[in-house]
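[1] Test case, fold it:
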Amino acid sequence: MLHATLPKAQYLFELLLTFIAVGSFHCAAFSTGSFVFSSPIHQHKLINRNKNNRPKMSLAATASRRAVGKLSPSNTALLVCDVQERFRPLIHKMETVVNTTKFMTSVAKELNFPIVVTQQYTKVFGPTIPDAFADPKDIGTSLVPVFDKKKFSMLTEECSQHLTSLNKTSFLLVGIEAHVCLQQTALDLLEQGHDVHIIADGVSSQQSYDREMALRRMESCGAWLTTAQSAAFMLMGSADHPNFKAVSKLVKDHMALKNEFNE
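    As a prediction, this is how the structure comes out:
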């Protein structure tokens, strides 16, 4: 350790030798009685600045900034989870779920992105509610394939193979129950690296508290919470979209219906 009582010039000289010897710092400037040092890390930061004297953003930071959950019809599919007749009188605010599902299937049809449906143990819980679709005749056809399941998640082997064939990266989810089948579907998709968008006014459970906790859980795991109207306008991106008038009419008609989640 350098002794504070050494003559000033000798003290400064020995201090400089100490820093050079350990290699921890580099002398940036020297004048009588004062030093300005910078560490290698600090020098790297100084070098890694652009002409505007602003730090360059790393690739990781750039990627993180891009992860904002934007939607485009070209890479999106709508998943309708177990919106079945047997559940209609049991689910909290189910009529709004049905209305919102119909709106989203109408938007999907107008913007030409795929719809995939599952039914939980159809033999017991019955078919998909026809009112939940823009055109009920599409249900069970190649336009709206239906996958029966006993697994809670929609991602059965058969349904997963179909989703893979669609080659989509973003999935909109509507249906029930939020804390069981829908949540497990969302978590499976997130684990696979997909973007998951929960249409909050299109999902529910028998108990409102279960719905609330499920929405929190899915969001905390990386799912995007949104509304049907917000998703519809994001999918178009501009009033110049060729389907803007048609989708705007769908929005207007949907808004005329009672949204029980506003209460």
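
[2] could you show me where the strands are in the stretch 51-200 of the chain, in order?
    76-81, 115-120, 146-149, 170-176, 195-204 (DSSP state E, counting those that start in this stretch).

[3] Tell me which of those sits nearest to Ser238.
    strand 76-81 (16.4 Å; CB to CB). No exception for glycine: its C-beta is placed from N, CA and C like everyone else's.

[4] Give me the residues contacting that closest one.
    101, 104-105, 108, 113-118, 128, 132, 154, 163, 166, 168, 170-176, 181-182, 185, 235 (CB atoms under 8 Å, 6 or more residues apart in numbering).

[5] Is it possible to mark the buried ones in the residues you listed?
    When the contacts of strand 76-81 are checked for burial by 16 or more other CB atoms under 10 Å, the buried set is 101, 104-105, 108, 113-118, 128, 132, 154, 163, 168, 170-176, 181-182, 185, 235.

[6] Now render the strands of the stretch 51-200 of the chain as CSV, adding distance to Leu189 and mean pLDDT.
    Output for those, formatted as CSV (distance: least, CB to CB, whole Å; pLDDT from 0 to 100):
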stretch, distance to Leu189, mean pLDDT
strand 76-81, 8, 98
strand 115-120, 12, 98
strand 146-149, 15, 98
strand 170-176, 6, 98
strand 195-204, 5, 98
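
[7] Dump those to JSON lines, plus distance to Gln229.
    Below are these laid out as JSON lines (distance: least, CB to CB, whole Å):
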{"stretch": "strand 76-81", "distance to Gln229": "15"}
{"stretch": "strand 115-120", "distance to Gln229": "18"}
{"stretch": "strand 146-149", "distance to Gln229": "26"}
{"stretch": "strand 170-176", "distance to Gln229": "13"}
{"stretch": "strand 195-204", "distance to Gln229": "8"}
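
[8] So for Phe87, which of the ones you listed sits nearest?
    Among those, strand 170-176 comes nearest to Phe87, with 5.8 Å by CB to CB.

[9] what's the angle from that closest one to strand 195-204?
    20 degrees (axes from the mean of the first three to the mean of the last three CA atoms, to 10 degrees).

[10] same for strand 170-176, what does it pack against?
    strand 76-81, helix 94-111, helix 183-191, strand 195-204 (3 or more CB pairs under 8 Å, 6 or more residues apart in numbering; DSSP states H and E).

[11] So for Thr141, which of the ones you listed sits nearest?
    Closest of the helices and strands packed on strand 170-176 to Thr141 is helix 94-111, at 12.2 Å (criterion: CB to CB).

[12] So the closest residue in space to Leu143 that isn't next to it in sequence versus Val83, what's the distance?
    Leaving aside its sequence neighbours, Leu143 sits nearest to Ile115 (CB to CB, 6 or more residues apart in numbering; 7.3 Å). In this view, Ile115 and Val83 are 12 Å apart by CB to CB, to the nearest Å.
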